[in-house]
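A.B. asks: predicted model and sequence follow; I will ask about them next.
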Amino acid sequence: MNAGAAILLALLLAITLAYVARWYLIERGRGVPGQTRAPDPGALAIGFTRVTIARAGRFAGIAITFARTGFFDARLAVAEPIDLALAGLRAFMQQCLVEGIGGERLGSPLTAALLTYVERQGHRLDAWLGRPSLTHADFNGSNILLRRVGAAWEVAAVLDWEFAFSGSPAIDFGNLLRPPLGQRRGFTAALAAGYLAAGGWLPPDWQAIARIADLYAWTDFLNRPAAGPALIEDARRMIAETIETV
């Protein structure tokens, strides 16, 4: 096992222990996540970036990066390369919307508009693909465990890493910036500040790139057989908003 894989394994073990601790607290009635006073969104953004990027992403002071994008094997090495640039996004749209059931759910006019949009804007993903890194792939408030330290909030753990792969930060930023967090006043600015303070790099149009990258998730949702009406409607709305505003 190489050094990067060992670090990743240690990180995943720590996250698993944190998840067990959360379950124990809930079962014993000592605390319910989300039921205490909500933290300030700016503090949350800075806290999560400093901890999960500076501490988790650089566990033991070493950044978790990879030579290429792709999915991990049992030894946590990148064994199945994937293309996250324009060609990969185009192929994924074809799989979900044309060969799959996503296009029927999205509707012909919006499907056509999305495919045209991808051809026009998909190249912007390249700007954030220079250094493949550990990508959570389900990075949202429900998977971020907080704890209160004095008057401040900090991130205790990031949970549920079963979808993790070597990818682009744009994937996780796109997820985290979905409503409602992305609409909270001060959240986006604090998120960027915390990420940069931790040593991260943001392209000038990082918010737009994150929205485009999030199209991977929304089209995947549309192609899932078990997707319910609410999820399908959310996907339609978010895709339409991305086409119109990004």
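C.D. replies: Thanks, I have it.

A.B. asks: give me the pLDDT for the most centrally placed residue in the chain.
C.D. replies: Central residue of the chain (Cα atoms, centre = their mean): Asp172, 2.1 Å from the mean position. At Asp172, the pLDDT value in this model is 92.

A.B. asks: residues in contact with it?
C.D. replies: 135-137, 139 (Cβ atoms under 8 Å, 6 or more residues apart in numbering). Bear in mind the C-beta positions are built from the backbone N, C-alpha and C, glycine included.

A.B. asks: next one: Pro180 from Ser142, what distance?
C.D. replies: From Pro180 across to Ser142, the span is 12 Å (Cβ to Cβ, to the nearest Å).

A.B. asks: which residues in this structure form strands?
C.D. replies: Ranges of strands in the chain, per DSSP state E, are 70-72, 78-81, 133-135, 144-149, 152-158, 165-167.

A.B. asks: quick one: which of those strands is nearest Arg120?
C.D. replies: Evaluated with Cβ to Cβ, these place strand 165-167 nearest to Arg120, the distance being 22.7 Å.

A.B. asks: quick one: distance of the closest one to the chain centre.
C.D. replies: Relative to its parent chain, strand 165-167 has a centroid offset of 11 Å by Cα atoms, centre = their mean, to the nearest Å.

A.B. asks: what's the nearest residue to the residue nearest to the centre of the chain if we skip its chain neighbours?
C.D. replies: Phe139 (3.9 Å; Cβ to Cβ, 6 or more residues apart in numbering).

A.B. asks: what segments of the protein are helices?
C.D. replies: Using DSSP state H, the helices of the chain run over residues 3-27, 41-48, 86-93, 102-106, 108-121, 169-176, 187-197, 206-213, 215-222, 229-245.

A.B. asks: show me which parts of the last one are buried, residue by residue.
C.D. replies: Residues of helix 229-245 classed as buried: 232, 234-236, 238-239, 242-243 (neighbour count, 16 or more other Cβ atoms under 10 Å).

A.B. asks: before we move on, what about the fourth one?
C.D. replies: Of all the residues in helix 102-106, those buried under the rule 16+ other Cβ under 10 Å are 102-103, 105-106.

A.B. asks: between the buried residues of helix 229-245, which sits nearest Arg147?
C.D. replies: Among those, Asp234 lies closest to Arg147 (Cβ to Cβ), at 29.9 Å.

A.B. asks: got the buried residues of helix 229-245 as JSON lines, with pLDDT columns?
C.D. replies: As requested, the buried residues of helix 229-245 are exported to JSON lines (pLDDT from 0 to 100):
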{"residue": "Ile232", "pLDDT": "97"}
{"residue": "Asp234", "pLDDT": "97"}
{"residue": "Ala235", "pLDDT": "98"}
{"residue": "Arg236", "pLDDT": "98"}
{"residue": "Met238", "pLDDT": "98"}
{"residue": "Ile239", "pLDDT": "98"}
{"residue": "Thr242", "pLDDT": "98"}
{"residue": "Ile243", "pLDDT": "98"}
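
A.B. asks: of the residues you listed, which is the nearest to Pro225?
C.D. replies: Nearest to Pro225, judged by Cβ to Cβ, of the buried residues of helix 229-245 is Ile232 at 11.7 Å.

A.B. asks: so what's Ile101 up against?
C.D. replies: Contacts of Ile101 (Cβ under 8 Å, 6+ apart): 222-223, 225.

A.B. asks: test for you: state the pLDDT assigned to it.
C.D. replies: pLDDT recorded at Ile101 is 98.

A.B. asks: next, the buried residues of stretch 156-166.
C.D. replies: Neighbour counts over stretch 156-166 (16+ other Cβ under 10 Å) mark 156-161, 164-166 as buried.
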